[in-house]
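Novice: Predicted model and sequence below, questions to follow.
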Amino acid sequence: MLEPLTHIGRDPATGGYVRDAWSEADMELREWFAGEAARRGLDLREDRNGNLWAWWGDPAARRGVVTGSHLDSVRQGGAYDGPLGVVSAFAALDLLKNRGVTPGRPLGVVCFTDEEGARFGVPCMGSRLLTGAIQPDRALGLTDDDGDTLADVMARAGRKPYGIGRDEETLAHVGTFVELHVEQGRGLVDQGRPVGVASSIWPHGRWRFDFRGRADHAGTTRLADRDDPMLPFARMVLAARAGAERRGVVATIGKVHVSPGNANAIPGLVSAWLDARGADERDVRDLVAELAEGLDVREESWTPEVGFDAALRDRLARVAGGDTPAPILPTGAGHDAGIMAAAGVPAGMLFVRNPTGVSHSPDEHAEQADCESGVVALADVLEDLCR
Ligand SMILES: [Zn+2]
(Lines give C-alpha, C1' and ligand atoms only; values in the text may rest on other atoms or scores of the structure.)
Protein backbone atom coordinates (compact mmCIF):
# COMPACT_ATOMS: atom_id res chain seq x y z
CA MET A 1 0.00 0.00 0.00
CA LEU A 2 2.95 2.37 0.47
CA GLU A 3 4.06 1.65 -3.08
CA PRO A 4 1.80 4.19 -4.89
CA LEU A 5 3.32 6.93 -2.70
CA THR A 6 6.96 6.11 -3.43
CA HIS A 7 7.31 8.48 -6.41
CA ILE A 8 5.52 11.48 -4.85
CA GLY A 9 7.89 14.28 -3.86
CA ARG A 10 10.94 12.04 -4.15
CA ASP A 11 14.26 13.72 -4.89
CA PRO A 12 15.88 11.39 -7.46
CA ALA A 13 19.35 12.64 -6.53
CA THR A 14 19.15 11.61 -2.87
CA GLY A 15 16.17 9.25 -2.61
CA GLY A 16 14.81 11.56 0.09
CA TYR A 17 11.31 13.05 0.17
CA VAL A 18 10.35 16.71 -0.03
CA ARG A 19 6.67 17.00 0.76
CA ASP A 20 6.00 20.52 2.03
CA ALA A 21 2.48 21.40 3.13
CA TRP A 22 0.32 22.73 0.28
CA SER A 23 3.00 21.92 -2.32
CA GLU A 24 2.29 20.01 -5.52
CA ALA A 25 3.46 16.81 -3.81
CA ASP A 26 1.12 17.46 -0.88
CA MET A 27 -1.83 17.96 -3.24
CA GLU A 28 -0.99 14.64 -4.91
CA LEU A 29 -0.86 12.92 -1.51
CA ARG A 30 -4.25 14.42 -0.62
CA GLU A 31 -5.64 13.04 -3.89
CA TRP A 32 -4.31 9.62 -2.95
CA PHE A 33 -5.99 9.88 0.48
CA ALA A 34 -9.30 10.86 -1.14
CA GLY A 35 -9.02 7.89 -3.49
CA GLU A 36 -8.38 5.43 -0.64
CA ALA A 37 -11.38 6.83 1.23
CA ALA A 38 -13.61 6.59 -1.84
CA ARG A 39 -12.49 3.05 -2.65
CA ARG A 40 -13.70 1.97 0.82
CA GLY A 41 -16.92 3.94 0.70
CA LEU A 42 -15.77 6.20 3.55
CA ASP A 43 -17.22 9.68 3.97
CA LEU A 44 -14.43 12.17 3.18
CA ARG A 45 -14.32 15.59 4.82
CA GLU A 46 -11.72 18.33 4.85
CA ASP A 47 -11.96 20.55 7.90
CA ARG A 48 -11.36 24.33 7.90
CA ASN A 49 -7.69 23.80 8.69
CA GLY A 50 -6.98 21.45 5.83
CA ASN A 51 -6.97 18.20 7.82
CA LEU A 52 -8.57 15.26 6.00
CA TRP A 53 -11.02 12.89 7.70
CA ALA A 54 -12.43 9.67 6.23
CA TRP A 55 -15.31 8.26 8.26
CA TRP A 56 -16.79 4.80 8.55
CA GLY A 57 -20.03 5.67 10.35
CA ASP A 58 -21.40 9.08 11.28
CA PRO A 59 -19.36 10.93 13.95
CA ALA A 60 -22.16 13.45 14.41
CA ALA A 61 -24.28 10.64 15.87
CA ARG A 62 -21.62 9.45 18.32
CA ARG A 63 -18.00 10.46 19.03
CA GLY A 64 -15.66 8.32 16.99
CA VAL A 65 -12.38 6.46 17.37
CA VAL A 66 -9.84 8.07 15.05
CA THR A 67 -6.52 6.80 13.78
CA GLY A 68 -4.06 8.17 11.23
CA SER A 69 -1.03 10.43 11.02
CA HIS A 70 0.36 12.81 8.36
CA LEU A 71 1.59 12.64 4.76
CA ASP A 72 3.90 15.67 4.61
CA SER A 73 7.60 15.20 5.24
CA VAL A 74 10.68 16.93 6.55
CA ARG A 75 12.89 17.96 3.63
CA GLN A 76 14.90 14.94 2.49
CA GLY A 77 12.92 12.70 4.82
CA GLY A 78 12.17 9.00 4.65
CA ALA A 79 9.20 7.04 3.37
CA TYR A 80 7.71 5.98 6.71
CA ASP A 81 7.47 9.00 9.01
CA GLY A 82 3.80 9.89 8.61
CA PRO A 83 2.67 7.74 5.67
CA LEU A 84 3.10 4.50 7.66
CA GLY A 85 0.44 5.70 10.11
CA VAL A 86 -2.03 6.70 7.38
CA VAL A 87 -1.53 3.58 5.29
CA SER A 88 -1.75 1.37 8.39
CA ALA A 89 -4.99 3.11 9.36
CA PHE A 90 -6.64 2.18 6.05
CA ALA A 91 -5.14 -1.33 6.24
CA ALA A 92 -6.46 -1.80 9.80
CA LEU A 93 -9.96 -0.81 8.65
CA ASP A 94 -9.69 -3.39 5.85
CA LEU A 95 -8.66 -5.99 8.40
CA LEU A 96 -11.64 -5.18 10.61
CA LYS A 97 -13.97 -5.53 7.62
CA ASN A 98 -12.38 -8.89 6.77
CA ARG A 99 -12.91 -9.99 10.36
CA GLY A 100 -16.58 -9.11 9.96
CA VAL A 101 -16.40 -6.46 12.69
CA THR A 102 -19.23 -3.94 12.78
CA PRO A 103 -17.86 -1.10 14.89
CA GLY A 104 -20.11 0.08 17.68
CA ARG A 105 -18.69 3.60 17.25
CA PRO A 106 -17.76 5.57 14.12
CA LEU A 107 -14.21 4.91 12.95
CA GLY A 108 -12.20 7.70 11.34
CA VAL A 109 -8.92 7.91 9.43
CA VAL A 110 -7.22 11.29 9.63
CA CYS A 111 -4.42 12.93 7.69
CA PHE A 112 -3.20 15.97 9.61
CA THR A 113 -1.86 18.87 7.57
CA ASP A 114 1.72 20.12 7.88
CA GLU A 115 2.90 17.99 10.78
CA GLU A 116 6.59 18.59 10.17
CA GLY A 117 6.51 22.35 9.79
CA ALA A 118 9.10 22.05 7.00
CA ARG A 119 7.70 25.04 5.12
CA PHE A 120 6.60 27.54 7.78
CA GLY A 121 8.70 26.47 10.75
CA VAL A 122 5.87 25.51 13.12
CA PRO A 123 5.29 21.75 13.49
CA CYS A 124 1.86 20.12 13.87
CA MET A 125 0.15 23.11 12.27
CA GLY A 126 -3.03 21.20 11.35
CA SER A 127 -3.63 19.84 14.84
CA ARG A 128 -2.52 23.08 16.54
CA LEU A 129 -5.05 25.08 14.51
CA LEU A 130 -7.76 22.47 15.08
CA THR A 131 -7.30 22.60 18.85
CA GLY A 132 -6.57 26.32 19.09
CA ALA A 133 -2.97 25.78 20.22
CA ILE A 134 -1.87 28.43 17.71
CA GLN A 135 -3.73 31.63 16.90
CA PRO A 136 -4.95 31.94 13.29
CA ASP A 137 -3.44 35.39 12.69
CA ARG A 138 -0.02 34.20 13.79
CA ALA A 139 -0.26 31.11 11.55
CA LEU A 140 -1.47 33.08 8.52
CA GLY A 141 1.45 35.50 8.74
CA LEU A 142 4.20 32.85 8.76
CA THR A 143 6.32 32.93 5.62
CA ASP A 144 8.12 30.23 3.65
CA ASP A 145 11.52 30.51 1.93
CA ASP A 146 9.94 32.30 -1.05
CA GLY A 147 8.30 34.90 1.17
CA ASP A 148 4.82 33.47 0.64
CA THR A 149 2.57 33.40 3.69
CA LEU A 150 0.43 30.48 4.81
CA ALA A 151 -2.54 32.61 3.74
CA ASP A 152 -1.06 32.93 0.22
CA VAL A 153 -0.40 29.23 -0.27
CA MET A 154 -3.75 28.12 1.16
CA ALA A 155 -5.59 30.56 -1.10
CA ARG A 156 -3.59 29.32 -4.08
CA ALA A 157 -4.64 25.76 -3.19
CA GLY A 158 -8.27 26.89 -3.33
CA ARG A 159 -8.76 26.92 0.46
CA LYS A 160 -10.21 29.70 2.60
CA PRO A 161 -7.32 30.83 4.81
CA TYR A 162 -9.49 33.17 6.87
CA GLY A 163 -11.62 30.23 8.01
CA ILE A 164 -8.78 28.54 9.92
CA GLY A 165 -8.73 28.17 13.70
CA ARG A 166 -10.12 26.10 16.54
CA ASP A 167 -12.85 23.85 15.15
CA GLU A 168 -15.31 22.70 17.82
CA GLU A 169 -17.46 20.74 15.40
CA THR A 170 -14.60 18.60 14.13
CA LEU A 171 -13.11 18.17 17.61
CA ALA A 172 -16.47 16.97 18.88
CA HIS A 173 -16.23 14.02 16.47
CA VAL A 174 -13.05 12.70 18.06
CA GLY A 175 -13.62 10.55 21.13
CA THR A 176 -10.22 8.84 21.06
CA PHE A 177 -7.18 9.26 18.83
CA VAL A 178 -4.54 6.59 18.23
CA GLU A 179 -1.58 7.40 15.98
CA LEU A 180 0.67 4.67 14.64
CA HIS A 181 4.18 5.85 13.79
CA VAL A 182 7.54 4.41 12.84
CA GLU A 183 9.79 4.56 15.90
CA GLN A 184 12.44 7.26 15.68
CA GLY A 185 14.94 5.55 17.91
CA ARG A 186 16.08 2.07 18.85
CA GLY A 187 13.95 1.35 21.90
CA LEU A 188 12.07 -1.53 20.28
CA VAL A 189 15.23 -2.99 18.74
CA ASP A 190 16.77 -3.16 22.21
CA GLN A 191 13.67 -4.90 23.56
CA GLY A 192 13.30 -7.25 20.59
CA ARG A 193 9.66 -6.27 20.00
CA PRO A 194 7.97 -5.16 16.75
CA VAL A 195 5.37 -2.84 18.32
CA GLY A 196 5.44 -0.50 21.32
CA VAL A 197 3.29 2.15 22.96
CA ALA A 198 4.20 5.78 23.75
CA SER A 199 4.31 6.95 27.37
CA SER A 200 5.07 10.64 26.85
CA ILE A 201 6.56 13.17 24.48
CA TRP A 202 9.49 15.23 25.72
CA PRO A 203 9.00 18.96 26.05
CA HIS A 204 10.46 20.58 22.95
CA GLY A 205 10.67 23.83 21.05
CA ARG A 206 12.12 25.79 18.16
CA TRP A 207 13.83 29.16 18.34
CA ARG A 208 15.02 31.49 15.61
CA PHE A 209 18.29 33.35 16.14
CA ASP A 210 19.12 36.37 13.96
CA PHE A 211 22.74 37.50 13.84
CA ARG A 212 23.16 40.87 12.14
CA GLY A 213 26.42 42.25 10.81
CA ARG A 214 27.59 44.21 7.80
CA ALA A 215 27.80 42.67 4.33
CA ASP A 216 31.07 43.48 2.67
CA HIS A 217 33.74 42.30 0.25
CA ALA A 218 35.57 39.11 1.24
CA GLY A 219 38.82 40.28 -0.30
CA THR A 220 39.16 43.99 0.38
CA THR A 221 37.73 44.29 3.89
CA ARG A 222 40.45 44.00 6.52
CA LEU A 223 39.70 41.53 9.31
CA ALA A 224 39.82 44.31 11.87
CA ASP A 225 37.16 46.26 10.00
CA ARG A 226 34.65 43.44 9.71
CA ASP A 227 31.33 42.97 11.41
CA ASP A 228 30.83 39.31 10.49
CA PRO A 229 27.67 37.68 11.95
CA MET A 230 29.00 34.23 11.10
CA LEU A 231 31.32 34.40 14.11
CA PRO A 232 28.71 34.81 16.88
CA PHE A 233 26.59 32.25 15.03
CA ALA A 234 29.46 29.75 15.14
CA ARG A 235 29.96 30.42 18.86
CA MET A 236 26.26 29.79 19.46
CA VAL A 237 26.40 26.43 17.64
CA LEU A 238 29.30 25.24 19.79
CA ALA A 239 27.70 26.59 22.95
CA ALA A 240 24.46 24.75 22.14
CA ARG A 241 26.28 21.46 21.88
CA ALA A 242 28.28 21.99 25.05
CA GLY A 243 25.27 23.24 27.00
CA ALA A 244 23.14 20.33 25.87
CA GLU A 245 25.81 17.82 26.88
CA ARG A 246 26.12 19.43 30.30
CA ARG A 247 22.37 19.18 30.89
CA GLY A 248 21.70 15.80 29.31
CA VAL A 249 19.32 17.24 26.70
CA VAL A 250 19.57 17.47 22.91
CA ALA A 251 20.05 20.61 20.83
CA THR A 252 20.23 20.88 17.05
CA ILE A 253 20.84 23.67 14.58
CA GLY A 254 19.62 22.09 11.37
CA LYS A 255 18.60 25.11 9.34
CA VAL A 256 20.64 28.22 8.59
CA HIS A 257 20.01 31.09 6.19
CA VAL A 258 22.94 33.23 5.19
CA SER A 259 22.26 36.50 3.48
CA PRO A 260 23.19 37.53 0.87
CA GLY A 261 24.78 34.06 0.60
CA ASN A 262 27.73 34.80 -1.66
CA ALA A 263 30.91 32.75 -1.34
CA ASN A 264 32.97 35.93 -1.80
CA ALA A 265 31.09 38.20 0.60
CA ILE A 266 30.94 38.69 4.34
CA PRO A 267 27.31 38.00 5.24
CA GLY A 268 25.02 40.74 6.49
CA LEU A 269 22.62 38.39 8.25
CA VAL A 270 22.73 34.83 9.53
CA SER A 271 19.46 33.30 10.70
CA ALA A 272 19.58 29.94 12.46
CA TRP A 273 16.94 27.69 13.94
CA LEU A 274 17.59 25.88 17.22
CA ASP A 275 15.60 22.78 18.10
CA ALA A 276 15.97 21.77 21.76
CA ARG A 277 14.35 18.92 23.68
CA GLY A 278 14.82 16.91 26.82
CA ALA A 279 13.13 14.86 29.48
CA ASP A 280 13.05 17.83 31.87
CA GLU A 281 11.53 21.14 30.77
CA ARG A 282 13.74 23.15 33.13
CA ASP A 283 16.92 21.86 31.50
CA VAL A 284 15.68 22.78 28.03
CA ARG A 285 14.58 26.25 29.17
CA ASP A 286 17.89 26.84 30.95
CA LEU A 287 19.86 25.91 27.87
CA VAL A 288 17.88 28.26 25.63
CA ALA A 289 18.11 31.09 28.17
CA GLU A 290 21.88 30.64 28.34
CA LEU A 291 22.25 30.68 24.55
CA ALA A 292 19.86 33.60 24.05
CA GLU A 293 21.70 36.00 26.32
CA GLY A 294 22.33 39.23 24.44
CA LEU A 295 21.07 37.82 21.15
CA ASP A 296 18.05 38.43 18.95
CA VAL A 297 15.93 35.32 19.56
CA ARG A 298 12.31 34.49 18.85
CA GLU A 299 10.49 31.42 20.13
CA GLU A 300 8.65 29.90 17.17
CA SER A 301 7.06 27.01 19.01
CA TRP A 302 7.02 25.43 22.43
CA THR A 303 5.32 22.20 23.44
CA PRO A 304 5.37 21.19 27.13
CA GLU A 305 5.77 17.56 28.09
CA VAL A 306 2.75 15.55 27.04
CA GLY A 307 1.93 12.44 29.00
CA PHE A 308 -0.53 10.26 27.15
CA ASP A 309 -3.75 9.18 28.88
CA ALA A 310 -2.53 6.50 31.32
CA ALA A 311 -5.58 4.25 31.11
CA LEU A 312 -5.56 4.35 27.32
CA ARG A 313 -1.79 3.77 27.26
CA ASP A 314 -2.10 0.64 29.41
CA ARG A 315 -5.06 -0.57 27.39
CA LEU A 316 -3.11 -0.13 24.15
CA ALA A 317 -0.13 -1.98 25.61
CA ARG A 318 -2.32 -4.86 26.72
CA VAL A 319 -4.28 -5.17 23.47
CA ALA A 320 -1.39 -4.48 21.08
CA GLY A 321 1.10 -6.72 22.86
CA GLY A 322 -0.51 -10.12 22.38
CA ASP A 323 0.69 -12.49 25.12
CA THR A 324 2.96 -9.98 26.89
CA PRO A 325 2.03 -6.30 27.08
CA ALA A 326 3.79 -4.13 24.49
CA PRO A 327 6.74 -2.11 25.82
CA ILE A 328 6.03 1.50 26.82
CA LEU A 329 8.52 4.07 25.58
CA PRO A 330 9.01 7.85 25.89
CA THR A 331 9.94 9.77 22.77
CA GLY A 332 11.84 12.92 21.89
CA ALA A 333 9.75 13.46 18.75
CA GLY A 334 6.63 15.65 18.59
CA HIS A 335 3.44 14.30 17.04
CA ASP A 336 -0.14 15.36 16.33
CA ALA A 337 -1.20 12.82 18.97
CA GLY A 338 0.67 14.96 21.52
CA ILE A 339 -1.18 18.10 20.44
CA MET A 340 -4.52 16.27 20.67
CA ALA A 341 -3.61 14.89 24.11
CA ALA A 342 -2.64 18.37 25.31
CA ALA A 343 -6.07 19.59 24.19
CA GLY A 344 -7.76 17.00 26.39
CA VAL A 345 -8.55 14.37 23.77
CA PRO A 346 -7.74 10.85 25.04
CA ALA A 347 -4.85 9.99 22.73
CA GLY A 348 -2.19 7.34 22.42
CA MET A 349 0.48 6.11 20.06
CA LEU A 350 1.75 2.82 18.68
CA PHE A 351 5.36 2.63 17.48
CA VAL A 352 6.64 0.21 14.85
CA ARG A 353 10.22 -1.01 15.20
CA ASN A 354 12.87 0.87 13.23
CA PRO A 355 15.89 -1.44 12.78
CA THR A 356 18.47 1.37 12.67
CA GLY A 357 16.57 4.00 14.62
CA VAL A 358 17.32 6.47 11.80
CA SER A 359 14.52 8.90 10.94
CA HIS A 360 14.12 12.25 9.15
CA SER A 361 16.50 10.79 6.57
CA PRO A 362 16.19 8.79 3.34
CA ASP A 363 17.71 5.85 5.27
CA GLU A 364 14.65 5.56 7.53
CA HIS A 365 13.31 2.01 7.34
CA ALA A 366 10.87 -0.50 8.76
CA GLU A 367 10.68 -4.20 7.86
CA GLN A 368 7.58 -5.41 6.03
CA ALA A 369 6.84 -7.99 8.75
CA ASP A 370 7.00 -5.32 11.47
CA CYS A 371 4.69 -3.02 9.48
CA GLU A 372 2.23 -5.93 9.23
CA SER A 373 2.49 -6.50 12.99
CA GLY A 374 1.73 -2.81 13.39
CA VAL A 375 -1.42 -3.09 11.29
CA VAL A 376 -2.63 -6.13 13.24
CA ALA A 377 -1.93 -4.37 16.55
CA LEU A 378 -3.75 -1.24 15.34
CA ALA A 379 -6.74 -3.30 14.15
CA ASP A 380 -6.88 -5.08 17.54
CA VAL A 381 -6.76 -1.75 19.32
CA LEU A 382 -9.48 -0.20 17.15
CA GLU A 383 -11.70 -3.26 17.54
CA ASP A 384 -11.29 -3.02 21.32
CA LEU A 385 -11.91 0.74 21.43
CA CYS A 386 -14.97 0.83 19.19
CA ARG A 387 -16.88 -1.96 20.87
ZN1 LIG B 1 5.76 11.98 11.89
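Specialist: Nice, thanks for sending it over.
Novice: so what pLDDT did residue 304 get?
Specialist: Listed pLDDT for residue 304 reads 88.
Novice: Leaving out sequence neighbours, find the closest residue to it.
Specialist: Closest residue to residue 304 apart from its sequence neighbours, by Cβ to Cβ, 6 or more residues apart in numbering: residue 203 at 5.1 Å. In short, each C-beta sits where N, CA and C put it, glycine included.
Novice: Might one say that the one you found is in contact with residue 283?
Specialist: No. Using Cβ atoms under 8 Å, residue 203 is not in contact with residue 283, being 9.2 Å away.
Novice: who's more crowded, those two?
Specialist: residue 203 (23 against 19; other Cβ atoms under 10 Å).
Novice: re earlier: separation between the residue nearest to residue 304 and the ion?
Specialist: Look at residue 203 and the ion: by Cβ to the ion, to the nearest Å, they are 18 Å apart.
Novice: contacting residues for that residue?
Specialist: The contact partners of residue 203, by Cβ atoms under 8 Å, 6 or more residues apart in numbering, come to 277-278, 280-281, 284, 302-305.
Novice: Who does whatever residue of the stretch 151-300 of the chain ends up closest to the ion form a beta bridge with?
Specialist: Residue of the stretch 151-300 of the chain nearest the ion, by Cβ to the ion: residue 181 (5.7 Å). Judged by DSSP bridges, the bridge partners of residue 181 are residue 351.
Novice: I figured it hits residue 335, correct?
Specialist: Yes. Using Cβ under 8 Å, residue 181 is in contact with residue 335, at 6.3 Å.
Novice: what are the phi and psi values for the closest residue to residue 185 other than its chain neighbours?
Specialist: Excluding the flanking residues, the one nearest residue 185 by Cβ to Cβ, 6+ apart is residue 357, at 5.0 Å. Phi and psi for residue 357, reported as degrees, to the nearest 10, are phi 80, psi -10.
Novice: what number of residues lie near residue 357?
Specialist: Residue 357 has 16 neighbours, counted by other Cβ under 10 Å.
Novice: Likewise for residue 345?
Specialist: 20.
Novice: what does this protein put close to the ion?
Specialist: Contact residues (Cβ under 5 Å from the ion) of the chain with the ion: 81-82.
Novice: quick one, helices of the chain?
Specialist: In the chain, the helices defined using DSSP state H lie at 24-39, 83-98, 125-131, 136-141, 150-156, 168-171, 187-191, 230-247, 281-292, 310-320, 336-342, 368-385.
Novice: Surely residue 154 touches residue 27?
Specialist: No. Using Cβ under 8 Å as the test, residue 154 is too far from residue 27 to be in contact (11.8 Å).
Novice: Give me the more crowded residue out of these two.
Specialist: Neighbours of residue 154 and residue 27, each counted by other Cβ under 10 Å, are more numerous for residue 154; the result is 22 against 13.
Novice: roughly how far apart are the more buried one and residue 117?
Specialist: 15 Å (Cβ to Cβ, to the nearest Å).
Novice: same thing with residue 343?
Specialist: 18 Å.
Novice: Looking at the two, which is more packed in?
Specialist: The residue with more neighbours, out of residue 343 and residue 117, is residue 117; 21 against 17, by other Cβ under 10 Å.
Novice: how about the nearest residue to that one, chain neighbours excluded?
Specialist: Nearest non-adjacent residue to residue 117, counting by Cβ to Cβ, 6+ apart: residue 123, 3.7 Å away.
Novice: Look at the one you found and say how many residues are nearby.
Specialist: 27.
Novice: what's the answer for residue 55, then?
Specialist: Residue 55: 20 surrounding residues under other Cβ under 10 Å.
Novice: Not counting sequence-adjacent ones, nearest residue to it?
Specialist: Once flanking residues are discounted, residue 55 sits nearest to residue 43: 4.4 Å by Cβ to Cβ, 6+ apart.
Novice: show me what contacts that neighbour?
Specialist: 37, 54-56, 58.
Novice: one step back: the contacts of residue 203 into JSON lines, with extra columns for distance to residue 251 and neighbour count?
Specialist: Output for the contacts of residue 203, formatted as JSON lines (distance: Cβ to Cβ, whole Å; neighbours: other Cβ atoms under 10 Å):
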{"residue": "277", "distance to residue 251": "8", "neighbour count": "23"}
{"residue": "278", "distance to residue 251": "9", "neighbour count": "22"}
{"residue": "280", "distance to residue 251": "14", "neighbour count": "14"}
{"residue": "281", "distance to residue 251": "14", "neighbour count": "17"}
{"residue": "284", "distance to residue 251": "9", "neighbour count": "24"}
{"residue": "302", "distance to residue 251": "14", "neighbour count": "15"}
{"residue": "303", "distance to residue 251": "16", "neighbour count": "21"}
{"residue": "304", "distance to residue 251": "18", "neighbour count": "12"}
{"residue": "305", "distance to residue 251": "17", "neighbour count": "17"}
